[in-house]
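Undergrad: For reference, the sequence and a predicted model appear below.
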Amino acid sequence: MDYPDIDIAPLIDHALLSPTATPEQVEKWCREADRFQFATVCVYPVYVKLAAELLHNKTPKVCTVIGFPSGATTTAAKLYEAQEAVENGATELDVVLHLGALKTGNTDAIYREIAPICEETGQTVKVILETTLLTDTEKQLAAEICIDAGAQYLKTSTGWHGGATVSDVKFLKDLTKGQIGIEASGGIRTIEQALDLVIAGATRLGTSRGPELLQQREGKDKE
Ligand SMILES: O=C[C@H](O)COP(=O)(O)O
C-alpha cells in the first residue's frame, strides 16, 4: 500500500519505560528527541528532573507516567505523583486508569481520580486505558469519564499487556469524534504500523522505537 506523506516525528512520545532504564539512557533518549524533534520524551517520575534539565529550551516536552504500569495505586498517591512530577518539570502526565474500578462500574472513583489531576496540575493529562484488557463497553465508559474529567488524550496501552490496534484506535476515534486526542502506544515496531494507526485516527504515538521508525521511513523513501 502507498502511504500518504505524513511526518510522524512531531507525534511521537519517545518512551523509555523499561524498569531497568538508566540515567545514561535518559540522556540518549533526550538527545534523540531533540535531534528528531519528537513531541516528548516519556520517562519514569524518577527521571523527570534530569530530562527537564536536558530538554530545557528545546522543543520536546517532558512526559511521565502516573500509577504505572498497573493503575492500582491510590487516588491520593496518583495526585501526589502527578504534582511532584509537574514540580520537577513534567508537562504531560500519562495516568494509568484504575482498571478494577472500571471493571466494577465504579465510575465515580475514576472521575474522582482523573478530574483533580487535570484541575490541580493544569497540565496535559493522557489516560492510559490498557485497551487489550477491556471490553468495548468498558472502553466506551472509560472514554466518557475521561472526557468529563477534563483529560486531553486517551492512550491505548502501557506496553505491558500488548499494544495498540488499528481497530481500537478507530473505535475510540469514532466514539469521541475529536473531543479528545487519541494516543496509540505499545508494540509499535514498523513504520507501516505507525502510519496505519495515524490514518485510523491516532494523534500521538507512544513508542520506544521512534528513531528506528524514522529510519525505516527513510529507507522506504530511497527505494
Ligand atoms: O508508550 C509507551 C509504551 O510503553 C511504549 O511501548 P513499547 O516499548 O512497546 O514501544
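TA: Thanks, I have it.
Undergrad: The protein against the ligand: which residues are in contact?
TA: Residues of the chain found near the ligand (C-beta under 6 Å from any ligand atom) are 13, 15, 17, 42, 158-159, 163, 185-188, 206-209. Glycine gets a C-beta too; all of them are placed from N, C-alpha and C.
Undergrad: Next, count neighbours for residue 111.
TA: Per other C-beta atoms under 10 Å, the neighbour tally for residue 111 reads 17.
Undergrad: excluding its backbone neighbours, what's nearest residue 191?
TA: Closest residue to residue 191 apart from its sequence neighbours, by C-beta to C-beta, 6 or more residues apart in numbering: residue 216 at 4.1 Å.
Undergrad: Quick one: neighbours of the one you found, just the number.
TA: Count around residue 216 with other C-beta under 10 Å applied: 17.
Undergrad: Checking my notes, it in a helix, right?
TA: Yes: note on residue 216: a helix contains this position according to DSSP: H, G, I helix; E, B strand; the rest coil.
Undergrad: Please report which of the residues of the chain next to the ligand has the highest neighbour count.
TA: residue 206 (33 neighbours).
Undergrad: That one reaches residue 182, doesn't it?
TA: No: assessed by C-beta atoms under 8 Å, residue 206 is found out of contact with residue 182, at 11.0 Å.
Undergrad: quick one: which helix or strand includes residue 79?
TA: Secondary structure assignment for residue 79, by DSSP states H and E: helix 75-87.
Undergrad: what's next to the helix or strand just after that helix, contact-wise?
TA: With elements assigned by DSSP H and E, the helix or strand that comes after helix 75-87 is strand 92-96. Residues from elsewhere that reach strand 92-96 (C-beta atoms under 8 Å, 6 or more residues apart in numbering): 13, 40, 42, 61-71, 78, 82, 85-86, 113-114, 117, 121, 123-128, 130, 151, 155, 158, 206.
Undergrad: ChimeraX command for the buried members of the residues you listed?
TA: Buried residues among these (16 or more other C-beta atoms under 10 Å), as a ChimeraX selection:
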select :13,40,42,61,62,63,64,65,66,67,68,69,71,78,82,85,86,113,114,117,121,123,124,125,126,127,128,130,151,155,158,206
